[in-house]
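**Q** Sequence and predicted structure are below.
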Amino acid sequence: MIEYNTLSEDFRRDRFAFFRELRDTAPVHLDEQSGVFILSRYDDVQMAARDWQTFSSVGPAANPAVPRLNDLDPPDHTALRDKVSLALTTERMLGIEDALRDDVRAVVQDLVARGESDLTADCFRPCLQRVIGRLLGLTDDQAHECLEISDLFVRGIPGEPAATPTAQERFPALFVPLIMARRQSPGDDLISALASVGSDGSAALTDAEILFFLLGVFLPALGNNAYALATAVELLGAHPDQRAELVANPSLIPQAFEEVLRFDSTTHDSPRVLTRDVTLHGVTMPAGAQVLMVWASANRDERTIDNADQFDIRRERPQGLSFGFGAHECIGAALMRIEARVVLEELLAIAPDFAVIEVGPRIRSTWIWAHESITVSLA
Ligand code: HEM
């Protein structure tokens, strides 16, 4: 019996062997432990993500008091996403670039002088914490509080006792006063933009909508992006020939980062709930059943992707599904892509010959797939 348990030893040892078994032997797999159907092939995952009328995001976690994009279907989803998009503009995202570049350059130069470093702790986390701080207009202490809350969420295991005070208590304590302050006295930060009313009234979000959108911004932006960068370092360390190509031709960096995410995404899956019976590969999933779309498995499906188990920065199409697909496709992908481009450009320019000395153990999390640390020699 195949059990879909992302915390099990088997899964953590080699999640891709596990995904391959699912794709080959049980493409629609009912996980008996949880009662959830697992979709693991590229075409099936993409089909489910596209068909929001059948594969609904309004699942058991949906709560009108907690308005989150992830828990809505169109037209409610479209209305909220449109309002949020007015604040999360390309211009605002690109606006992080110069300060991030200066920051990363200074940090990496410093680390080169030191010789050896855990890049996650010494560079990616602090630099991305400062990005969030600048984006949201936070003090250093407030941005650090975001990082700590994000860590609590990442490491919180559903069903296990939580730390005290919990992330659920700490994040409104931090942001509710900030939202109120920005409504009174707006600045040019993202919170003010979300709180402000455009001339046609279009950008007005409620306090709850802002609060839960912010959670959806700083959680992945801190708890996901830093670890995705660490995965990039791990893979480029293991493929020196491809890293040399990037050093010689940095314009390949964006494409290489897409390949990093395809090859070893920091997230596993996303949930949906069926609005009607669906039969796929001879298995009928009844209306009301929960379904998991396993992006990280779809990304390695050799039915759609040639040599899927090979890391290849020259690969162009098809890309993986790490940022999701369809109506809920990641709204933060632009931020992640800019951060990845800037950080990898600087790292490869300053320390092109870095060597990975040690990758730490996997973080115990149902939400993130990442190592605790990545120690490199930069000298
Ligand atoms: C490596 C980095 C990231 C990965 C792999 C990732 C992955 C994903 C995936 C797979 C989805 C689709 C979920 C679904 O279909 O149910 C998603 C949605 C979302 N992501 Fe990301 N994400 C990343 C970074 C970010 C960042 C930096 C932000 C915020 C700035 C962000 C905010 C969101 C939000 C708000 C949604 C929900 C969108 C919606 O439901 O319309 N993500 N992300």
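**A** Perfect, thanks for sending it.
**Q** Just the terminal-to-terminal distance for stretch 35-46.
**A** For stretch 35-46, the separation between the terminal residues is 22 Å (Cα to Cα, to the nearest Å).
**Q** That one and the ligand in contact?
**A** No: in terms of Cβ under 6 Å from any ligand atom, no part of stretch 35-46 sits within range of the ligand; the closest distance is 9.9 Å. Heads up, the C-betas are built off the backbone N, CA and C, glycines and all.
**Q** Just grab the bridge partners of the closest residue to Gly282 other than its chain neighbours for me.
**A** With sequence-adjacent residues excluded and distances taken as Cβ to Cβ, 6 or more residues apart in numbering, Gly282 is closest to Val28, at 8.0 Å. Judged by DSSP bridges, the bridge partners of Val28 are Leu39.
**Q** Only C-alpha atoms, please: export stretch 267-274 in PDB.
**A** This file holds the C-alpha atoms of stretch 267-274, laid out as PDB (Å, rounded to 0.1, in the frame of the first residue of the first chain):
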ATOM      1  CA  THR A 267       6.800  22.700  -2.600                       C
ATOM      2  CA  HIS A 268       5.200  19.300  -3.100                       C
ATOM      3  CA  ASP A 269       1.500  19.800  -3.900                       C
ATOM      4  CA  SER A 270      -1.800  21.900  -3.600                       C
ATOM      5  CA  PRO A 271      -5.200  20.700  -2.600                       C
ATOM      6  CA  ARG A 272      -8.600  20.900  -4.300                       C
ATOM      7  CA  VAL A 273     -12.100  19.500  -3.700                       C
ATOM      8  CA  LEU A 274     -14.300  17.900  -6.300                       C
END
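**Q** Give the next helix or strand downstream of the lowest-mean-pLDDT helix or strand in the chain.
**A** Within the chain, confidence by mean pLDDT, DSSP states H and E is lowest for helix 207-223 among all helices and strands, at a mean of 87. Sequence order places helix 225-238 as the next helix or strand after helix 207-223, per DSSP states H and E.
**Q** tell me the angle that next one makes with helix 207-223.
**A** Here helix 225-238 runs at 20 degrees with respect to helix 207-223, directions being taken by axes from the mean of the first three to the mean of the last three Cα atoms, to 10 degrees.
**Q** got the contact list for helix 225-238?
**A** Judged by Cβ atoms under 8 Å, 6 or more residues apart in numbering, the contacts made with helix 225-238 from elsewhere in the structure are 119-120, 124-125, 128, 242-243, 246, 256-257, 260-261, 263-264, 266, 311, 335-336, 339-340, 343-344, 347, 354-356, 359, 363, 368-371, 374, 376.
**Q** That one: how far from the chain's middle?
**A** When C-alpha coordinates are averaged (Cα atoms, centre = their mean, to the nearest Å), helix 225-238 and its chain have centres 14 Å apart.
**Q** Check stretch 334-348 too.
**A** Distance of stretch 334-348 from the chain centroid (Cα atoms, centre = their mean) equals 15 Å.
**Q** is any part of it close to the ligand?
**A** Yes: contact check for stretch 334-348 against the ligand, using Cβ under 6 Å from any ligand atom: residues in range are 335-336.
**Q** again with stretch 205-222
**A** Yes: counting by Cβ under 6 Å from any ligand atom, the ligand has neighbours in stretch 205-222: 216-217, 220-221.
**Q** okay, now Gln242: neighbour count?
**A** Residue neighbour count, defined by other Cβ atoms under 10 Å, stands at 17 for Gln242.
**Q** would you say Ala327 is within a helix?
**A** Yes: judged by DSSP: H, G, I helix; E, B strand; the rest coil, Ala327 forms part of a helix.
**Q** ok, it to the ligand distance?
**A** Going from Ala327 to the ligand by Cβ to the nearest ligand atom, to the nearest Å gives 6 Å.
**Q** what's the pLDDT at the nearest residue to that residue once chain neighbours are set aside?
**A** Closest residue to Ala327 in three dimensions, ignoring its sequence neighbours and counting by Cβ to Cβ, 6+ apart: Trp52, at 5.1 Å. Here the pLDDT value assigned to Trp52 is 98.
**Q** Near Trp52, how many other residues are there?
**A** Burial of Trp52, expressed as a neighbour count using other Cβ under 10 Å, amounts to 19.
**Q** what do you get for Pro254?
**A** Using other Cβ under 10 Å as the criterion, the residues surrounding Pro254 number 14.
**Q** quick one, helices of the stretch 1-150 of the chain?
**A** Under the criterion DSSP state H, counting those that start in this stretch, helices of the stretch 1-150 of the chain are mapped to 9-13, 15-25, 42-50, 76-87, 90-94, 97-114, 119, 125-136, 140-155.
**Q** Would you mind extracting the C-alpha trace of the longest one into CSV?
**A** Once non-C-alpha atoms are left out, helix 97-114 reads as follows in CSV (Å, rounded to 0.1, in the frame of the first residue of the first chain):
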residue,chain,number,x,y,z
GLU,A,97,16.3,45.0,-7.6
ASP,A,98,18.9,47.6,-6.9
ALA,A,99,18.9,47.5,-3.1
LEU,A,100,18.9,43.7,-3.2
ARG,A,101,21.8,43.6,-5.6
ASP,A,102,23.9,46.0,-3.4
ASP,A,103,23.0,44.0,-0.3
VAL,A,104,23.8,40.6,-1.8
ARG,A,105,27.1,41.9,-3.2
ALA,A,106,28.2,43.2,0.1
VAL,A,107,27.2,40.1,2.0
VAL,A,108,28.8,37.7,-0.5
GLN,A,109,32.0,39.7,-0.6
ASP,A,110,32.1,39.5,3.2
LEU,A,111,31.5,35.8,3.1
VAL,A,112,34.3,35.3,0.6
ALA,A,113,36.7,36.9,3.0
ARG,A,114,35.4,34.5,5.7
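**Q** Cheers, nothing more for now.
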